[in-house]
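Colleague: whatever this is, show me its structure:
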Amino acid sequence: MGAPLCRCRKCLFTLLQLLLLLPSVSVQRQPVGPPLDCKKTCVCASNIISCSKANLTNIPTSLPQYATVLDLSFNAIARLRAGWTAVSLDSLEKLLLNNNGLNFLSSEAFLHVTNLRYLDLSFNDLRQLDELIFEPLERLQVLLLYKNNISQIDRSAFSGLALLQRLYLSHNRIARFPLELVKEQTRLESLELLDVSSNRIKSLPVSDLLALPAWIGTGVFFHNNPLSCSCDLYEMVARWFLKDLTSAVDFTSSHTCVIPSLRKATVPVLDLHKAHLNCSEVKGLKEEAYLGQSLVLECDTKQRNMLKRWELPGNVTGAVMRSDGSLLMEAVKVEDSGIYTCYATNDSLKETLYVTVVVFNSTMRGGLENINTAYTTLVGCLLSVVMVLFYLYFTPCRSACLQREGRLGRKSPVLGGKPFPGRRQTCRPRRSKTGI
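Modeller: Numbering: from 1, shown residues only. From the prediction side, this is the model:
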């Protein structure tokens, strides 16, 4: 009986210790900030709550549900956890968390503020953007993330932001251009501005960027990056400059690239045709075609949904304007060469685009036939040279000796009919190794 009783006492003692430890192992909760104080720490003006420069380390509680603007900038709120607000702030449209030293965003940080239109997270210490981090913000239009330390961005970080118009990612440590945000099949439909300037991007998907319509390209900013110089990069920037796209025109001096062969010297991209790489100069929008080909001229405007019309040179006929505003020319002729002008207008803007068309007085097949003929002639000449060399250096011994004997026996027209000097030689058969 003594042993079982002793065991029971040990069990009770252990259970009592566990009960005393329960408070210390309870689940960690979201740190609770001070109650909202509209007299001392914050300013409450109707539906605007401003708690800027209030030395806050946590977000105040008891925030009113009618608030449309919440300013928490210039504080010390380092982590934005799930449940930072106990109630859904359905009226909140503008949230400012800039200049806080913010270094952590919970994946559920925005579940209770789904109607945000403007979110400022600039001048913080964010290092990465995880997958679907902003997905709850379906109505967000402006997102400011510049002046952080972001180096990693998940490809799905901005998924779900169907109404996002402006995304600022400059002055970070980004090394990859986020092509998925602007490319045809994956782009954010409402995005008008993407700023990835002043980062660590060394190469761009130039062919994909050149394929972008002008209304997207004009809002793609990538200046002040350590880009590697290339003629493709020059062509893209030069074409955007000729199209008067804002991203190229407003930051001309900031579009630079690095030439490794010159000790990583930085040169203006638009000067690459003058020196350094000797790129072909881009002088204007030009389309070239051969006789009989079809040609499509794009009226590539800086805004969408503009009313377009074309002015044709001379007596050009047969050109048809398509529903998207482009001009279709079938079976082009030399007479179709000239400058084509597209006029585009809407309620607030007018654009004029000029496209120079050059039609060569030959067919594509004719050009290829000329190339094939030249190639065939060259190959024939090479074969002839090879045959002559073979004849001279690889002739059998007997034939060579007979020719030499005949040559020694001939009279020289130069020496007045006298025979060639030299001893007459005859060919002797070579003995085989067996002595036969």
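Colleague: Asn225 contacts Arg200, correct?
Modeller: Yes - if you go by CB atoms under 8 Å, Asn225 and Arg200 touch, sitting 7.1 Å apart. Backbone N, C-alpha and C define where each C-beta goes, glycine included.
Colleague: which one of these two has more residues nearby?
Modeller: Taking neighbours as other CB atoms under 10 Å, Asn225 and Arg200 compare with Asn225 leading, 23 against 12.
Colleague: what about the closest residue to the more buried one other than its chain neighbours, distance to Asn361?
Modeller: In this structure, Asn225 finds its nearest non-sequential neighbour in Ile201, 4.3 Å apart by CB to CB, 6 or more residues apart in numbering. To Asn361, Ile201 is 44 Å away according to CB to CB, to the nearest Å.
Colleague: neighbour count winner among those two?
Modeller: Ile201 (18 against 10).
Colleague: next one: that one relative to Ser159, how far apart?
Modeller: Distance from Ile201 to Ser159, by CB to CB: 22 Å.
Colleague: Pro226 now?
Modeller: Distance of Pro226 to Ser159, given as CB to CB: 29 Å.
Colleague: equivalent analysis for Leu383, please.
Modeller: Relative to Ser159, Leu383 is positioned 62 Å away (CB to CB).
Colleague: in the longest strand seen in the chain, what's buried?
Modeller: Assignment by DSSP state E gives strand 350-360 as the longest strand of the chain. Buried residues in strand 350-360, counted by 16 or more other CB atoms under 10 Å: 351, 353, 355, 357, 359-360.
Colleague: related to what we said a few turns ago, more crowded one of Leu383 and Ser159?
Modeller: Using other CB under 10 Å, the more surrounded residue of Leu383 and Ser159 is Ser159, with 16 against 10.
Colleague: was I right about the more buried one contacting Leu132?
Modeller: Yes - the criterion here is CB under 8 Å, and Ser159 meets it with Leu132 at 5.9 Å.
Colleague: got the phi and psi for the residue nearest to Asn225?
Modeller: Note on Ile201: backbone dihedrals following degrees, to the nearest 10 are phi -80, psi 120.
Colleague: if I pick it, what's in contact with it?
Modeller: 174-177, 222, 225-227 (CB atoms under 8 Å, 6 or more residues apart in numbering).
Colleague: can you count the residues close to the residue nearest to Phe360 when sequence neighbours are not counted?
Modeller: Spatially, and ignoring its direct neighbours in sequence, Phe360 is nearest to Tyr290 (5.2 Å; CB to CB, 6+ apart). Using other CB under 10 Å, Tyr290 has 16 neighbouring residues.
Colleague: hang on, isn't Tyr290 packed against Asp336?
Modeller: No - under the criterion of CB under 8 Å, Tyr290 makes no contact with Asp336, lying 11.6 Å away.
Colleague: name the residues contacting each of those two.
Modeller: Both Tyr290 and Asp336 are contacted by Val359, under the criterion CB under 8 Å, 6+ apart.
Colleague: quick one: the helices in the chain?
Modeller: Under the criterion DSSP state H, the chain contains helices at 2-21, 206-210, 214-217, 231-242, 246-249, 364-393, 397-409.
Colleague: what about the first one, average pLDDT?
Modeller: Here the mean pLDDT over helix 2-21 is 51, rounded to a whole number.
Colleague: cool, the second one as well?
Modeller: Mean pLDDT, helix 206-210: 94.
Colleague: show me what it is in contact with.
Modeller: Outside helix 206-210, the residues that touch it by CB under 8 Å, 6+ apart are 179, 182-183, 217, 220, 230, 232-233, 235-236, 239.
Colleague: quick one: which of those is most hemmed in?
Modeller: These, ranked by neighbours (other CB under 10 Å): first place Val220, 24 neighbours.
Colleague: is that one bridged to anything, and to what?
Modeller: When bridges are called by DSSP bridges, Val220 pairs up with Leu194.
Colleague: what score does it have for pLDDT?
Modeller: Per-residue pLDDT puts Val220 at 97.
Colleague: just the one 10 residues further on next, same as before
Modeller: pLDDT, Ser230: 92.
Colleague: for this structure, give me the ranges with low pLDDT.
Modeller: 1-32, 364-376, 379, 390-391, 393-436 (pLDDT under 70).
Colleague: switch the cut-off to 50
Modeller: Within the chain, the stretches with pLDDT under 50 are 1, 5-6, 8, 15-16, 19-29, 368, 399-402, 404-418, 420-427, 431-436.
Colleague: give me the domain ranges for it.
Modeller: Per automatic domain parsing, the structural domains of the chain span 286-364, 392-429.
Colleague: next one: the first one to chain centre, how far?
Modeller: When distances are taken as CA atoms, centre = their mean, to the nearest Å, domain 286-364 is centred 28 Å away from the chain's centroid.
Colleague: equivalent analysis for stretch 377-392, please.
Modeller: Distance of stretch 377-392 from its chain centroid, counting by CA atoms, centre = their mean, is 51 Å.
Colleague: alpha carbons only: can I get that stretch in CSV?
Modeller: Coordinates of each C-alpha in stretch 377-392 appear next as CSV, following Å, rounded to 0.1, in the frame of the first residue of the first chain:
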residue,chain,number,x,y,z
THR,A,377,29.2,30.6,-106.8
LEU,A,378,31.5,30.9,-103.7
VAL,A,379,31.3,27.1,-103.0
GLY,A,380,32.1,26.4,-106.7
CYS,A,381,35.2,28.6,-106.5
LEU,A,382,36.4,26.9,-103.4
LEU,A,383,36.0,23.5,-104.9
SER,A,384,38.0,24.5,-108.0
VAL,A,385,40.9,25.7,-105.8
VAL,A,386,40.8,22.4,-103.8
MET,A,387,40.9,20.3,-107.1
VAL,A,388,43.9,22.3,-108.4
LEU,A,389,45.8,21.9,-105.2
PHE,A,390,45.1,18.2,-105.2
TYR,A,391,46.3,17.8,-108.7
LEU,A,392,49.5,19.7,-108.0
